[in-house]
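**Student:** Return atomic coordinates for the entry below.
(one chain, ligands or ions: 1)
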Amino acid sequence: MSDVPTAPTADSAPSRKEVWKMFDRIAHRYDVLNRSLSFGRDVAWRKRLRKHLPKDRPILLVDLATGTADQILFLLDGEAEIDAARGYDLSEGMLSLGREKISKRGLEEKITLYTGDAQEVPAESGIADVVTISFGIRNVEHVPTALTEMRRLLKPGGKLCILEFSIPPNPVVRSGYFFYFRHILPKLGGWVSGDSYAYNYLNKTVESFPCGEAFCTLMREAGFEFVQEERYTFGVATLYTGVKPEGTHA
Ligand SMILES: C[S@@+](CC[C@H](N)C(=O)[O-])C[C@H]1O[C@@H](n2cnc3c(N)ncnc32)[C@H](O)[C@@H]1O
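**Tutor:** From the prediction side, this is the model:
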């Protein structure tokens, strides 16, 4: 058991090393906990991402840290014409639940899930019209490496959409949010999933992850242009978008 990340102390940023092993443990309860602990807001946030997809041509979508493929499935129900979607994750437990959902909807021809690290994706360069990563980027060990990898996967002019938790800017909302994330969510999540470490980890990663302008700067440093942020639900979640410049191939 020593290879499973140890519980973070109150004031430390948690180790992201091999965190996917934790998702293997909570996979069976992941979707239901997502819906209930976010009061269903995660569905609304995932749907908002749809309007950022190009609608003028068929697209190849790559979704990193895809988990149980929720984000792909919500995008497929939107207006964009998704020709094919590939999802990558390191947790076999999450991927196998994702494959079940895909097969129940008869979408095996369209969506394929692969084992793959968001920092070193086993896929060719320049294949994707859109790369997405929802609630995944804060789990990777080295964010700049993952962002560079996302740029590599995109075609020139392709779009990156990153959905992630963030810290609400309003101090009153923020204190309620911290109370919920620090005291309520770890207890409820731990109780339902049987893994209290996992939901304590969630709050630590959110609080120690750069958000807003700090994250936009990381995207620009990784070579994205037209970087924008869109805050949802008082800034509890933020969608970051950026474009791989035309004429660049790396
Ligand atoms: C909070 S879940 C998000 C899952 C999914 N994207 C969603 O929207 O529900 C985070 C996911 O990141 C995966 N993960 C963590 N580190 C990873 C890495 N380095 N490469 C790929 N996936 C990773 C975990 O296995 C887990 O499935």
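**Student:** Nearest to the ligand: which residue in this structure?
**Tutor:** G67 (2.6 Å; Cβ to the nearest ligand atom). In short, each C-beta sits where N, CA and C put it, glycine included.
**Student:** For that residue, which residues are in contact?
**Tutor:** F23, Y30, D89, S91, M94, G98, F135, G136 (Cβ atoms under 8 Å, 6 or more residues apart in numbering).
**Student:** so which of the residues you listed comes closest to Y177?
**Tutor:** F135 (15.7 Å; Cβ to Cβ).
**Student:** Quick check, that closest one in contact with S166.
**Tutor:** No. Assessed by Cβ atoms under 8 Å, F135 is found out of contact with S166, at 11.1 Å.
**Student:** which helix in the protein runs the most residues?
**Tutor:** helix 20-37 (DSSP state H).
**Student:** Please point out which parts of that helix sit buried.
**Tutor:** 20, 22-27, 29-31, 33-34, 37 (16 or more other Cβ atoms under 10 Å).
**Student:** Let me know whether it sits next to the ligand.
**Tutor:** Yes. For helix 20-37, a contact with the ligand is found by Cβ under 6 Å from any ligand atom, at W20, F23.
**Student:** ok, now stretch 177-187?
**Tutor:** No. Under the criterion of Cβ under 6 Å from any ligand atom, the ligand is not reached by stretch 177-187; the shortest gap measures 13.0 Å.
**Student:** Mind listing what's buried along stretch 98-109?
**Tutor:** So, applying 16+ other Cβ under 10 Å, buried residues of stretch 98-109: G98, R99, K101, I102, L107.
**Student:** now swap in stretch 124-136 and tell me
**Tutor:** For stretch 124-136, using 16+ other Cβ under 10 Å, the buried residues are G126, I127, A128, D129, V130, V131, T132, I133, S134, F135, G136.
**Student:** And stretch 160-179, by the same measure?
**Tutor:** L160, C161, I162, L163, E164, F165, S166, I167, P168, Y177.
**Student:** What of stretch 115-126?
**Tutor:** So, applying 16+ other Cβ under 10 Å, buried residues of stretch 115-126: G116, D117, A118, Q119, V121, A123, G126.
**Student:** Cross the buried residues of stretch 98-109 against helices and list the overlap.
**Tutor:** Using DSSP H, the buried residues of stretch 98-109 in helices are G98, R99, K101, I102.
**Student:** For the residue of the chain closest to the ligand, which three-state class applies?
**Tutor:** Secondary structure, DSSP: H, G, I helix; E, B strand; the rest coil: G67 is coil.
**Student:** Up against the ligand, what does this protein have?
**Tutor:** 19-20, 23, 65-67, 70-71, 89-91, 94, 117-119, 134-136, 139-140.
**Student:** Fine by me, thanks again.
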